[in-house]
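Participant: the following comprises the amino acid sequence and a computationally predicted model.
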Amino acid sequence: MSSLHQGTRPGLDAAACGRIPADLPDHPAPAVRFYGRRRADGPTPLIVHFHGGAFTSGSLDSGGKVGTLLSGAGAVVLSVDYPLAPAHPFPAAAEAGYAVLQWAHRNRRLLGGRGSALFVAGEEAGGNIAAAVALMARDRGGPELAGQILLSPMLDACMGTASMRDAHASQQAARWADGWKQYLPCYCDAAHPYAAPLVNTRLAGLAPMLLLTARDDPLRDEAVHYARRVRQAGVGVTQAIIAGATDWPDALTGEAGKPAAWDDEVLAQVFTFLITHPPGGVSATRSNEAAAIIRSGTLED
């Protein structure tokens, strides 16, 4: 569909696609897909989401699993079909993501209602881009983010952690190594904080973070390390490591509709994070409400 507004009307449940007029002079406007329903009785959190694919693959379809989970936690989700390497190496994807974030901020009243909180989120390579966009928003004076949601993010171009070494002989690790090589054709880019956020030495002032990884996730250690360093910089961090066999991050990539044993835990974590991070800071009242809802084992529609 060509009209963006078809995906933003209150009460619309089905995903809707379109293109946004983001300011990208060297690239076409990114295609996007919306998930979720804007509430009629108040503002709805708005999430700009980036799919996985090791920087070289993936699409709006492959981001459907996480896009649906995020919307199921009570958000309107704007999933971005960002430019892929090797045709578009760093910083093309990050710049496209930031342009979409700016557009979402300018249109947040239409998308999520007056006073809606703005988040970024992503899985695998999309987690890298979400982290980079959060850094860019801080460094460029906005837009103000209520939080960043990183699921099994790719953050270490050196791939040198213990959890990654355990996976070095796998096809998965080979795909990531090739993805980093295609995304960062110049070795010097691996030291750029927007390319590999784990190397960043200036992390204060970032938006609060929800970091989700899994015990069997090869990207676990770099994700946990990043969360620790962000927390040490004085940023609020909520971290969870999902137990059991998850097949993360591969299981995060795919079309909507395929259930997984960890769906409810991810929904609960994201739901709690969203309602405890309104625009401008954390609300103690909403934190208490979230805790009560999670204890009762129910989620709002």
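Facilitator: Noted; the coordinates are in hand.
Participant: where exactly do the helices run in the stretch 151-300 of the chain?
Facilitator: 162-165, 171-183, 220-232, 263-275, 284-296 (DSSP state H, counting those that start in this stretch).
Participant: just the stretch 1-150 of the chain next, same as before
Facilitator: 64-72, 92-106, 108-112, 125-139.
Participant: looking at those helices, which is buried most?
Facilitator: Mean neighbour count (mean count of other C-beta atoms under 10 Å) peaks for helix 125-139 among those, with a mean of 27. (C-beta placed from N, C-alpha, C; glycine too.)
Participant: for that one, enumerate the helices and strands it packs against.
Facilitator: strand 46-50, helix 92-106, strand 118-124, strand 147-153 (3 or more C-beta pairs under 8 Å, 6 or more residues apart in numbering; DSSP states H and E).
Participant: can you add mean pLDDT and distance to residue 176 and give the ones you listed back as a markdown table?
Facilitator: Output for these, formatted as a markdown table (pLDDT from 0 to 100; distance: least, C-beta to C-beta, whole Å):
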| stretch | mean pLDDT | distance to residue 176 |
| --- | --- | --- |
| strand 46-50 | 98 | 16 |
| helix 92-106 | 95 | 15 |
| strand 118-124 | 98 | 8 |
| strand 147-153 | 98 | 11 |
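Participant: want to throw those into a markdown table with distance to residue 76?
Facilitator: Listed next are the helices and strands packed on helix 125-139 as a markdown table, based on distance: least, C-beta to C-beta, whole Å:
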| stretch | distance to residue 76 |
| --- | --- |
| strand 46-50 | 5 |
| helix 92-106 | 10 |
| strand 118-124 | 10 |
| strand 147-153 | 14 |
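Participant: neighbours around residue 189, how many?
Facilitator: 17 (other C-beta atoms under 10 Å).
Participant: that one contacts residue 90, doesn't it?
Facilitator: Yes - assessed by C-beta atoms under 8 Å, residue 189 is found in contact with residue 90 at 5.4 Å.
Participant: any low-confidence regions in this structure?
Facilitator: For the chain, applying pLDDT under 70 flags the ranges 1-16, 21-27, 168-169, 281-301.
Participant: quick test: name the residue nearest the centre of it.
Facilitator: residue 121 (1.5 Å; C-alpha atoms, centre = their mean).
Participant: which residues does that residue form a beta bridge with?
Facilitator: Under DSSP bridges, the beta-bridge partners of residue 121 are residue 49, residue 149.
Participant: the helices of the stretch 1-150 of the chain: which one's closest to residue 81?
Facilitator: helix 92-106 (9.1 Å; C-beta to C-beta).
Participant: the inter-axis angle of that closest one versus strand 118-124?
Facilitator: With axes from the mean of the first three to the mean of the last three C-alpha atoms, to 10 degrees defining the directions, helix 92-106 sits at 150 degrees from strand 118-124.
Participant: gap between residue 116 and residue 39?
Facilitator: 9 Å (C-beta to C-beta, to the nearest Å).
Participant: is it correct that residue 50 is in contact with residue 124?
Facilitator: No - counting by C-beta under 8 Å, residue 50 stays clear of residue 124, with 9.3 Å between them.
Participant: so the two - more neighbours on which side?
Facilitator: residue 50 (32 against 29).
Participant: could you dump the helices of the stretch 151-300 of the chain into a markdown table and include distance to residue 136 and mean neighbour count?
Facilitator: Shown next, in a markdown table, are the helices of the stretch 151-300 of the chain (distance: least, C-beta to C-beta, whole Å; neighbours: other C-beta atoms under 10 Å):
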| stretch | distance to residue 136 | mean neighbour count |
| --- | --- | --- |
| helix 162-165 | 26 | 15 |
| helix 171-183 | 16 | 18 |
| helix 220-232 | 15 | 20 |
| helix 263-275 | 21 | 20 |
| helix 284-296 | 27 | 12 |
